[in-house]
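Asks: Here is my input; please provide its structure:
(chains A and B)
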Amino acid sequence: MKKISRPARRNDVPLKTGGYARYISDLHFEGMLFAATYRSLRARAIIKSISIPHLPEGYCIVDHVLGLNRVKMLVNDQPFFAEERVNYIGEPILLVVGPDKEKIEYILSHIEVEYEDLEPVFTMEEAEKSGVIVYGTDNRITSYELLKGDPEGAFLSADETFEAEYETGLQEHVYIEPQGMVAVFENNRITVYGSMQCPYYIKRSLMQGLGWDAGRVRVVQTTTGGAFGGKEEYPSIIAGHAACAAIKTGRPVQIIFEREEDIRYTTKRHPSRIRIRSVSDSNGSVAAMDIDITLDGGAYAGLSSVVLQRAMFAATGVYDIPNVRVRGAVYATNTVPTGAFRGFGGPQAFFAVEMHMHELAERTGQNPLYFKMRHAVKNGGYTVTGGQMREEVKLQQMVQTLDRMSGYSKKYKAFQNTDPEKYRGVGLSLFFHGCAFTGSGEKDIIKANVKLKKYADGRVEILVSNVEMGQGPQTTLRKIVAEALEIPLDKVLYDNPDTDRVPDSGPTVASRTVVIVGFLLQEAAKKLKKRYDSAAELEVENEYEQPAYVQWDQNNFRGDAYPVYSWGVNAVEVEVDPVTLVATVKGIWGVYDVGTPIDEKIVRGQIEGGMVQGLGYASMEVMEGANGKMRQGTLTDYIIPTPVDFPEMKIKLIDNSYDFGPFGAKCAGELPFIGAAPAFASAVQHALGVPVRRIPVTPEYLMEVVDGEDTNCSQR
Amino acid sequence: MKIRIVLNGKPAVIDTDPTRRLLDILRNDFKLTGVKEGCGEGECGACAVLIDGRLANSCIVPAGTVEGSEIVTIEGYRDTARYRALQDAFEEAGAVQCGFCTPGFIMAAEALLRENASPDEDDIRRALSGNLCRCTGYSMIVEAVKIASAGGKDLW
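Replies: Sure thing, here's the model as predicted:
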């Protein structure tokens, strides 16, 4: 193990275990009021009138912003407060603000809105085919196509093709700390404190929503109790609401979501439907794939176009397929907007392609491990966008290690002699995650800037806008700077970001914090080191420069969609009860290449947590809409993994240093989520001998498959 | 209604509506903010406290039911040697990420270890099964309890 990888003490542990850490709901401000949101009860309607009951003294309604009524995202289509119409059940219409939460609830329950219903669409199928237009001209939020090689020619000369459709469901983040913000209006400035991933996204949304310049808006992150993408874009809405209420009342205003509100009305993972048609050559190798990706974006555009891009760039998985066409579309529906969630389109695409490759292997009687490895990209091979793999691809070594650890190949053969008392199966997944923003995002949109400040006593402070939300940057980023400066770790400081103090180093998303921001900090520390002894106080800044080798054509999706990839291979073993079809996980194995890990313990924490979250997505986390309303609204009916659901996993890290990452590190946050679902689902498929093409793989779904009722049809 | 309790070792009298949630009394009246609200429905365990030595989710405990009880929150536990052993073990095992669930897990670990000082893996997983964590995948928390149990033989 390299020195940088040795686990360091996390300085946030004593604060968190002892209950000293202050999350947003723990902060009290003098004279603070509370606000709660009145939400649309209709999926698509015109608001004819709103009737407000008599308000006791000290209570008020907030129903508009001071500036542009649009949350700042890629497309300005989502209002802070609904205007003349509502587009999903739960869309915010107004706030009730006052000193007592129970009285606020009472007022909320006596508000009456008269609606004129419009015809809604609830599913991707309806959005595509019903003819009811609820968004743009054809309900498509966005659509793209990309080509590699000559797929048309390959399909023309083919004699046998195989086609199947794969579906993935909604998923809720269930960060254990619900969403929350407090806004304070003072000296003609607004300050918003809260649980968040992206202080500058919120700042820019507030500037747009209030119509104020940067100098009048300040955003401060408070200790954040998990996020997983759920606190990327959504908190901008809550911040806007709290700010408007604080400005109107002149008092600090707190908005903390109830769990039910958080489950029903904040963003979710995009449901997907992915159709793959493939053709093999005379050697039995896949010669071409035609892939059609459809995502459900919900009522507004949000980040859906980039989620779709990441899904498309992962459409052929880790395989270097010579001829490919990928078409993708995100449809709008009158449901809660879907958004960022760990993996960001990757999990959907990898589920589809991994199950497809598994099925192709089974159809020709081959061990999926060998079949998959035969197609895996090699050093110098090409991605689906024609980008060349310049880094060393260590998949061969990783798969061999995994096979040894898990006994996959032996079990794959042995379990075929089915025991009638219990069906056993073993599954496999090979996957990557493109590090940092997709395409030219880092260079053209984010343009990260970091700062290091050296104090007279020798301590050095990290000034970046990236947040600690559990994933460990208060330790990893400090380690990078301390190691680069060759000073003790406790001499490096890193506070929760405050936009008055930190430059914009970009959002805490896309597994970019270590590989992009960490590298900028390492370079800044090198500059600082030269003057560390001579200067008493000193500030050093550093701005992102794209590595020269990266070539990307955003208009045609050609070239290096990502500067570098992290890789993983997983195996999962299951037992399926022949009567109930309940699948129990008996073993979990993973081998990962995240470059040189900055702190092995933190990386293991990301891996174990990511895999369990992915196994929840694969097996038990059912969230379904019915007429635009979520059926699940509590942690009693939306089930996430508990300590008794999955056994301990076996993990191995393969070091593979990256020249443009800090001390050789690549990315690790999202990667471990991605492989769990296909590994689990292919294990169930192996156990039962029937195709599994939908997650979550519930016993109910398996009964339909086993009874032959369902191979492709949607239940959403 | 006047409700007499012993809170973190000190007698206290609460004059309140007996249907109020114990969680709100602890957080709002006594400013014991180490007790977290994660779900408000008894599912996640972030608000776990000890009531007469037994683990309870304070979000589903009405104030009227705790008359005469001894209640310990993380604030009343964090100065003990047992807590110290658990904190060190949680740190060593990497059991803490976002931390919002952690005080609840600490209380659940104490409730287990006071009943069974040498639990095996199944005992630990079952004892923690009323607490949800979305960051760690649990194995590192289970490991932490094993470390505390092994190193703290004389404590429990």
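
Asks: I'd assumed A:D498 was in contact with A:V467.
Replies: No: judged on CB atoms under 8 Å, A:V467 makes no contact with A:D498 at a distance of 11.1 Å. All C-beta spots, glycine's among them, are computed from the backbone N, C-alpha and C.

Asks: Mutual contacts of those two, please.
Replies: Residues touching both A:V467 and A:D498 by CB atoms under 8 Å, 6 or more residues apart in numbering or on different chains: A:P199, A:Q221.

Asks: For the two, work out which one has more neighbours and name it.
Replies: Neighbour comparison, A:V467 and A:D498: the larger count goes to A:V467, with 25 against 16 (by other CB atoms under 10 Å in any protein chain shown).

Asks: quick one: contacts for the more buried one?
Replies: Contacts of A:V467 (CB under 8 Å, 6+ apart): A:M196, A:Q197, A:C198, A:P199, A:Q221, A:T224, A:P473, A:N496, A:P497, A:T508.

Asks: Adding pLDDT and neighbour count as columns, could you present those in a markdown table?
Replies: Formatted as a markdown table, these follow (pLDDT from 0 to 100; neighbours: other CB atoms under 10 Å in any protein chain shown):
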| residue | pLDDT | neighbour count |
| --- | --- | --- |
| A:M196 | 98 | 32 |
| A:Q197 | 98 | 27 |
| A:C198 | 98 | 27 |
| A:P199 | 98 | 29 |
| A:Q221 | 98 | 29 |
| A:T224 | 98 | 27 |
| A:P473 | 98 | 25 |
| A:N496 | 98 | 17 |
| A:P497 | 98 | 26 |
| A:T508 | 98 | 29 |
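
Asks: mind giving me JSON lines with those and columns for distance to B:G137?
Replies: Shown next, in JSON lines, are the contacts of A:V467 (distance: CB to CB, whole Å):
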{"residue": "A:M196", "distance to B:G137": "24"}
{"residue": "A:Q197", "distance to B:G137": "20"}
{"residue": "A:C198", "distance to B:G137": "25"}
{"residue": "A:P199", "distance to B:G137": "28"}
{"residue": "A:Q221", "distance to B:G137": "25"}
{"residue": "A:T224", "distance to B:G137": "19"}
{"residue": "A:P473", "distance to B:G137": "19"}
{"residue": "A:N496", "distance to B:G137": "25"}
{"residue": "A:P497", "distance to B:G137": "27"}
{"residue": "A:T508", "distance to B:G137": "20"}
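
Asks: Count the neighbours of residue 11 for me.
Replies: Since no chain was named, I'll use chain A. Neighbour count of A:N11, defined by other CB under 10 Å: 15.

Asks: other chain: chain B
Replies: Look at B:P11: counted by other CB under 10 Å, it has 9 neighbours.

Asks: where do the helices sit along chain B?
Replies: For chain B, applying DSSP state H gives helices covering B:22-24, B:74-77, B:81-93, B:102-115, B:121-127, B:139-151.

Asks: Can you report how many residues lie near B:S129?
Replies: Counted with other CB under 10 Å, the neighbours of B:S129 add up to 15.

Asks: That one touches B:E43, doesn't it?
Replies: No: taking CB under 8 Å as the definition, B:S129 is not a contact partner of B:E43, at 11.2 Å.

Asks: which intervals of the chain have sub-threshold pLDDT?
Replies: I'll assume chain A. Residue ranges of chain A with pLDDT under 70: A:417-418, A:709-716.

Asks: OK, contacts around residue 98?
Replies: In the absence of a named chain, this looks at chain A. Here A:G98 is in contact with A:L33, A:F34, A:L55, A:P56, A:G58, A:Y59, A:C60, A:I104, A:I107 (CB under 8 Å, 6+ apart).

Asks: oops, chain B please
Replies: Contacts of B:C98 (CB under 8 Å, 6+ apart): A:K16, A:Y175, A:I176, A:E177, A:T224, A:G225, A:G226, A:A227, A:M469, A:G470, B:R134, B:C135.

Asks: so which of those comes closest to A:G458?
Replies: For those, the closest approach to A:G458 (CB to CB) belongs to A:K16, at 27.7 Å.

Asks: Tell me the backbone dihedrals of the closest one, please.
Replies: With angles defined as degrees, to the nearest 10, A:K16 sits at phi -80, psi -40.

Asks: winner for burial among the helices of chain B?
Replies: By mean neighbour count, with neighbours taken as mean count of other CB atoms under 10 Å in any protein chain shown, helix B:102-115 ranks first of those at a mean of 25.

Asks: wait, does that one contact chain A?
Replies: Yes: contact of helix B:102-115 with chain A (CB under 8 Å from any CB of the partner chain) involves B:T102, B:P103, B:I106.

Asks: Which residues are in contact with the closest residue to B:S118 other than its chain neighbours?
Replies: Leaving aside its chain neighbours, B:S118 sits nearest to B:S149 (5.9 Å; criterion: CB to CB, 6 or more residues apart in numbering or on different chains). Residues in contact with B:S149 (CB under 8 Å, 6+ apart) are B:L113, B:A117, B:S118, B:P119, B:W156.

Asks: now with 10 Å?
Replies: B:85-86, B:89, B:109, B:112-113, B:116-120, B:123-124, B:155-156 (CB atoms under 10 Å, 6 or more residues apart in numbering or on different chains).
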